[in-house]
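Asker: I'd like to go over a predicted model; first the sequence, then the structure.
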Amino acid sequence: RGSLQTHTACSSRAALFIQKTTGVYEVVQSQDGLEALSFTVPRSEAGGAVNNRRETFSFKFSRVFDSNTGQEEVFDAVSREVIDNCLEGYNGTIFAYGQTGSGKTFTITGGVERFGDRGLIPRSLSYLFQQYHKSPGTIFTTHISYLEIYNECGYDLLDPRHEMARLEDLPKVTLMEDRESVLHLRNLSLHPANNEEEALNWLFLGDTNRVMAETPMNMASTRSHCIFTVHISAREPSSQLIRRAKLHLVDLAGSERVGRTGVEGTLLTEAKYINLSLHFLEQVIVALSDKSRSHVPYRNSMMTSVLRDSLGGNCMTSMIATCSVEKRNIDETISTCRFSQRVALIKNEVRVNEELDPKLMVRQLRQQVAELREELSLATGGEERDGDLELAERERCERLVQDYLQDSSPEARLLVGGDMRKIQLCFSLLKARVKSPLLHTTPKTATPTNQPTVTADPRLEEVIRQRDEEINMLLKTLKQERRKIAELEARLRTTAPEERGGAGEEVEERKEERVKEERGTETTGEQEAGERKQAESRKAWKSELSRARQEAFDQFRRDCPIMDQVNQHKTDLRTKYSEAKALGEEVQSSRTTISEWGNLCASTTL
């Protein structure tokens, strides 16, 4: 499954440039299931009397298409298997190679005159979304990127932030490699495609930005390499595993012999860069097909760096070799077939790209924690809530129901806590939504208005938070006291089995005194010892209860956020009390002095 498949095609678009005199070729079905393409090139008289040049060239391919083959047949033979493997989590690549004017762009992108002339990219997108609909239980996401490599510089053809007037206006893509030798394309944008129409719109937008020019070999020659990539991710609703795959659809620029075409100026510069990048591509193919070579020169060009995984990595690759059967192009056709034979020798080791989605795992763990908290609240709450809900609680329930209805995820949950009042309110809201005719209408996108927004008061939020903390602390204290009471009751039952519940302690004491008075009998020593033991048990029980209350009060004082203010007020009160006491002593001293002076004056007068 990991071998690279090669196909050859003489497309109908190339037939527009075919002359009446064509080369002699033959297609024969071989015994191993492959198709053999043979070319006959007669020896020329210019070679002299002794001419040992080969006349017959034969090459084997997985499939050979003639010029009358339709695009649907090419798609079924080349792309369908690769796309099916991409849906299973394997990377896939389909690229076309050949000379200028042989039909690469027509095969990959298609023609614009007829719907049946659609190429591999539109048909692949349509087939992808058809397969999505056949698996409704799987969640698929699709993203599109479109990279153009022109004169060894990368450009993003799908950047919506730039209005293209020239090629230089497009954002330039640069190659970056991390420590793990993973290649990253900086400034290459990814765009989501929720349906086939959106994906085709991205394709048409990128095609309008491609560099094209008229050459002697082709009236509308693409002067750059283009890589259309579909990023596919799939996962089951109840699974944390996510499968990721990349489908590369590559339209390589055509090779041409400058000496034969006679181009100059910009076309000559473009032809030099195209031939150089294709030469580096051939070097990579030769290195990969030779098992004795340890180094593969991927970094010689940007195109080979981008196609590194497609050529010799974790990818299932199919190649389409486009040929021209004109006599003047027969040498270039033989060169293309030789290149495709080298590509067929490469074998890749493919594996499924599965990984744990960290965001999904975190969301599921948080949801699980919330559900466990709700179950714990229902199991250990023990308190019966009555009365009407407050306005803030009702608004919160309405907001939770609204978010739950708008969330299309299968993992959506409606968590309102263990309060049955909130649960009943949420059921009432859902019932009202079901009966409302507005449920079947399409929601419209809200437009921003000048209406004032409601903002939460931070003081009220702080008060609510304090009340929640106090309630939690009191519930904890209540549970502790319940446990202590149960322990004390068990201790009392063991120490005083003769005591029965249901009557108060004071009532029992008065009853015992009244019995003693009526009977007039004296308590024996054994009875007095039992009564003292019971009295000590009651005192211990009361001390335990008072100690538990004191601990709860101390904990409340420690956790209360206004204790700092209370302590400050206590300090101020002590200071003022000391000052008042000192002033009182001064007043008392003054009174004593006045009294002494009054007595002295009275004695003097007498």
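Answerer: Happy to help now that I have it.

Asker: which phi and psi does G313 have?
Answerer: Here is the backbone geometry of G313 (degrees, to the nearest 10): phi -120, psi -140.

Asker: List the contacts of it.
Answerer: Shown in contact with G313 (C-beta atoms under 8 Å, 6 or more residues apart in numbering): N91, N348. Where you see a C-beta, it was placed from the backbone N, CA and C, and this is true even at glycine.

Asker: measure it to D388 for me?
Answerer: Distance of G313 to D388, given as C-beta to C-beta, to the nearest Å: 65 Å.

Asker: I346 now?
Answerer: 74 Å.

Asker: Of those two, which one has the most company?
Answerer: Set I346 next to D388 and count neighbours by other C-beta atoms under 10 Å: I346 wins out with 18 against 8.

Asker: was I right about that one contacting K291?
Answerer: No. If you go by C-beta atoms under 8 Å, I346 and K291 don't touch, sitting 10.3 Å apart.

Asker: Could you list the domains of this protein?
Answerer: Domain segmentation of the chain under automatic domain parsing yields 5-44+51-356, 532-561, 562-606.

Asker: Can you show me the helices along the stretch 351-500 of the chain?
Answerer: Remark: helices assigned in the stretch 351-500 of the chain by DSSP state H, counting those that start in this stretch are 358-380, 391-406, 420-435, 458-495.

Asker: what residue is smack in the middle of this protein?
Answerer: Nearest to the mean C-alpha position of the chain, counting by C-alpha atoms, centre = their mean, stands K359 at 5.6 Å.

Asker: Give me the pLDDT for that residue.
Answerer: The model reports K359 with a pLDDT of 79.

Asker: For N187, see how far away it is.
Answerer: Per C-beta to C-beta, K359 is found 24 Å from N187.

Asker: what's the answer for F204, then?
Answerer: To N187, F204 is 22 Å away according to C-beta to C-beta.

Asker: how near is the residue nearest to L241 when sequence neighbours are not counted to S239?
Answerer: For L241, ignoring the flanking residues on the chain, the nearest one in space by C-beta to C-beta, 6 or more residues apart in numbering is E354 at 5.3 Å. Separation of E354 from S239 (C-beta to C-beta) stands at 10 Å.

Asker: before we move on, what about G98?
Answerer: 43 Å.

Asker: ditto for V182
Answerer: Distance of V182 to S239, computed by C-beta to C-beta: 25 Å.

Asker: likewise S324?
Answerer: Going from S324 to S239 by C-beta to C-beta gives 50 Å.

Asker: Between these two, which has more neighbouring residues?
Answerer: S324 (26 against 14).

Asker: confidence score at that one?
Answerer: 84.

Asker: So for stretch 171-179, mean pLDDT?
Answerer: For stretch 171-179, mean pLDDT rounds to 86.

Asker: so how far is it from its chain's centroid?
Answerer: Here stretch 171-179 is found 22 Å from its chain centre; the criterion is C-alpha atoms, centre = their mean, to the nearest Å.

Asker: Please point out which parts of that stretch sit buried.
Answerer: P171, V173 (16 or more other C-beta atoms under 10 Å).

Asker: which residues are contacting it?
Answerer: In contact with stretch 171-179 (C-beta under 8 Å, 6+ apart) are residues 147, 153-156, 159, 161-162, 183-189, 302, 305-306.

Asker: What is the neighbour count of Q402?
Answerer: Q402: 12 surrounding residues under other C-beta under 10 Å.

Asker: Now do it against L430, distance only.
Answerer: Counting by C-beta to C-beta - Q402 and L430 are separated by 11 Å.

Asker: next one: L200
Answerer: In terms of C-beta to C-beta, L200 sits 39 Å off from L430.

Asker: and the two? which has more neighbours close in?
Answerer: When L200 and L430 are compared for neighbours, L200 comes out ahead with 17 against 14, by other C-beta under 10 Å.

Asker: how about that one, phi and psi?
Answerer: Main-chain torsions, L200, degrees, to the nearest 10: phi -70, psi -30.

Asker: How about stretch 349-366, which residues are buried there?
Answerer: Neighbour-count burial for stretch 349-366 [16+ other C-beta under 10 Å]: V350, N353, D357, L360.

Asker: can you give me the end-to-end distance of it?
Answerer: Terminal residues of stretch 349-366 lie 38 Å apart, using C-alpha to C-alpha, to the nearest Å.

Asker: For that stretch, what is the distance to the chain centroid?
Answerer: Relative to the chain's own centre, stretch 349-366 is displaced by 9 Å; criterion: C-alpha atoms, centre = their mean.

Asker: List the contacts of it.
Answerer: 1-2, 85, 88-91, 235, 240-245, 314-316, 411.

Asker: Burial check on Y155, number of neighbours?
Answerer: Neighbourhood size, Y155 [other C-beta under 10 Å]: 25.

Asker: thinking again about what came up before, out of the domains of the chain, which gets the lowest mean score?
Answerer: Lowest mean pLDDT within the domains of the chain: domain 532-561, at a mean of 66.

Asker: thinking again about what came up before, among the domains of the chain, which comes closest to Q368?
Answerer: Taking C-beta to C-beta, domain 5-44+51-356 is the member of the domains of the chain nearest to Q368, at 11.9 Å.

Asker: what's the spacing between that closest one and its chain's center?
Answerer: Put simply, domain 5-44+51-356 sits 30 Å off its chain's centre (C-alpha atoms, centre = their mean).

Asker: for stretch 415-433, same thing?
Answerer: On the basis of C-alpha atoms, centre = their mean, stretch 415-433 sits 31 Å off its chain's mean C-alpha point.

Asker: quick one: the helices in the stretch 51-200 of the chain?
Answerer: For the stretch 51-200 of the chain, the helices defined by DSSP H, counting those that start in this stretch cover 71-78, 80-87, 104-108, 120-134, 196-208.

Asker: what's the most buried one of those?
Answerer: helix 104-108 (a mean of 26; mean count of other C-beta atoms under 10 Å).

Asker: for that one, packing partners?
Answerer: Applying 3 or more C-beta pairs under 8 Å, 6 or more residues apart in numbering; DSSP states H and E, we find helix 104-108 packed against strand 92-98, helix 120-134, strand 241-251, strand 316-322.

Asker: What is the longest helix along the chain packed up against?
Answerer: Longest helix in the chain, counting residues (DSSP state H): helix 563-605. The helices and strands touching helix 563-605, judged by 3+ C-beta pairs under 8 Å, 6+ apart, number zero.

Asker: Please repeat the previous calculation with a cut-off of 10 Å.
Answerer: Judged by 3 or more C-beta pairs under 10 Å, 6 or more residues apart in numbering; DSSP states H and E, helix 563-605 is in contact with helix 525-559.

Asker: quick one, helices of the stretch 201-350 of the chain?
Answerer: Counting by DSSP H, counting those that start in this stretch, the helices of the stretch 201-350 of the chain are 258-261, 266-289, 302-306, 308-312, 330-344.

Asker: closest one to G103 among these?
Answerer: Of all these, helix 330-344 comes closest under C-beta to C-beta, at 11.8 Å.

Asker: What is that closest one packed up against?
Answerer: Here helix 330-344 is seen to pack against strand 5-9, strand 24-29, strand 35-40, strand 56-61, strand 92-98, helix 266-289, strand 316-322 when contacts are counted using 3+ C-beta pairs under 10 Å, 6+ apart.

Asker: That one: which residues count as buried?
Answerer: 330, 332-337, 339-344.

Asker: and what of stretch 463-479?
Answerer: For stretch 463-479, burial by neighbour count (16+ other C-beta under 10 Å) applies to M473, T477.

Asker: I'd like the distance from that stretch to the chain centre, please.
Answerer: Stretch 463-479 has its C-alpha centroid displaced from the chain centroid by 38 Å (C-alpha atoms, centre = their mean).
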